[in-house]
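[1] I need the structure of the sequence given here:
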Amino acid sequence: MSYSIGLIRVVTLTREDLLNIHGKIIEEMFPELRVISRCIWDQPKGIYDRESEEIAKPKILKLAKEFEESGVEAVIVSCAADPAVDEARKMLKIPVIGAGSAAAGLALTYGKRIGVLNLTEETPEVIKSILGEHLVAEDKPIGVKNTLDLMTEWGKRAAEEALKRLLKRNVDVIVLGCTGYSTIGFAKIAEEISGIPVIDPVIASGVATLYILKSRKKR
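    As a prediction, this is how the structure comes out:
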């Protein structure tokens, strides 16, 4: 059995390959999921602070509603801050999965001392609230201001340096606090550098989605 999933990218993308990359990551890991990706409009730099998140929320809710009306079985908001996820859960009858909460929950199955590698600001509130006292360290790449910076070679090097700083805090799990890291395949690089589990938020959202849909079918 396969399930149809709507995936919302919180950055405006015109290239089909970039638009679909998170969906392809999920489909490769979980062949039972068929992902349709759409992006919000007029946010070419995505979500990178509180203001850009608030601007994005109504756009996310509009896409989520359109996805439900199109007949998908669940919606994934592919952003580690889970923007508009709570609001969408109240509005939709189908499951809504946020990449941030999925990643935080999965991290707790791996260890107790968790570090978060963020993009530009502090750890997203949804991740903080789930990890609680288990969040022992956080860092971010110096000079990176948005997800576009992360896609450059210097941005990737800055992320590697931030990761190394986190490892000095004796963490046993790393959560990638931005789905932009999924876009550049950073989890594999981070695991090679660190030698400890690294939680990719896009993959975590696939784990949560598949579990929810399978468990609903059994009821």
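
[2] every contact and neighbour count from this point should use C-alpha atoms.
    Noted.

[3] mind checking which helix or strand of this protein has the lowest mean pLDDT?
    Evaluated with mean pLDDT, DSSP states H and E, the helix-and-strand set of the chain has its lowest mean pLDDT in helix 147-150, which scores a mean of 90.

[4] what distance separates that one from the middle of the whole chain?
    Distance of helix 147-150 from its chain centroid, counting by C-alpha atoms, centre = their mean, to the nearest Å, is 15 Å.

[5] who does it touch, helix- and strand-wise?
    Under the contact criterion of 3 or more C-alpha pairs under 8 Å, 6 or more residues apart in numbering; DSSP states H and E, the helices and strands touching helix 147-150 comprise helix 153-167, helix 180-183.

[6] same for the last one, what does it pack against?
    Secondary-structure packing of helix 180-183 (3+ C-alpha pairs under 8 Å, 6+ apart): helix 16-29, helix 147-150.

[7] weakest of the ones you listed by average pLDDT?
    Lowest mean pLDDT of the helices and strands packed on helix 180-183: helix 147-150, a mean of 90.

[8] contacts for that one?
    Applying C-alpha atoms under 8 Å, 6 or more residues apart in numbering, the set of residues contacting helix 147-150 from outside is Lys45, Gly46, Tyr48, Leu119, Val144, Gly155, Lys156, Ala159, Gly180, Tyr181, Ile184.

[9] how is this structure carved up into domains?
    The record, using automatic domain parsing to delimit domains, assigns the chain the ranges 3-100+203-218, 102-201.

[10] and the contacts of helix 147-150, which are buried?
    Burial by neighbour count, 16 or more other C-alpha atoms under 10 Å: within those this picks out Lys45, Gly46, Tyr48, Leu119, Val144, Gly155, Lys156, Ala159, Gly180, Tyr181.

[11] what does stretch 53-72 contact?
    Under C-alpha under 8 Å, 6+ apart, the answer for stretch 53-72 is 3-6, 8, 10, 38, 40-41, 43, 47, 74-75, 77, 83-84, 87-88, 91-94.

[12] average pLDDT across stretch 49-68?
    If you average the pLDDT over stretch 49-68, you get 96.

[13] so which bits of it are buried?
    Judged by neighbour count (16+ other C-alpha under 10 Å), stretch 49-68 contains these buried residues: 49, 53, 56-61, 63-65, 67-68.

[14] just those residues: which are in helices?
    Using DSSP state H, the subset of those located in helices is Glu53, Ala56, Lys57, Pro58, Lys59, Ile60, Leu61, Leu63, Ala64, Lys65, Phe67, Glu68.

[15] and these, which is closest to Ile193?
    Proximity to Ile193 was ranked across those by C-alpha to C-alpha; first place goes to Glu53, at 31.2 Å.
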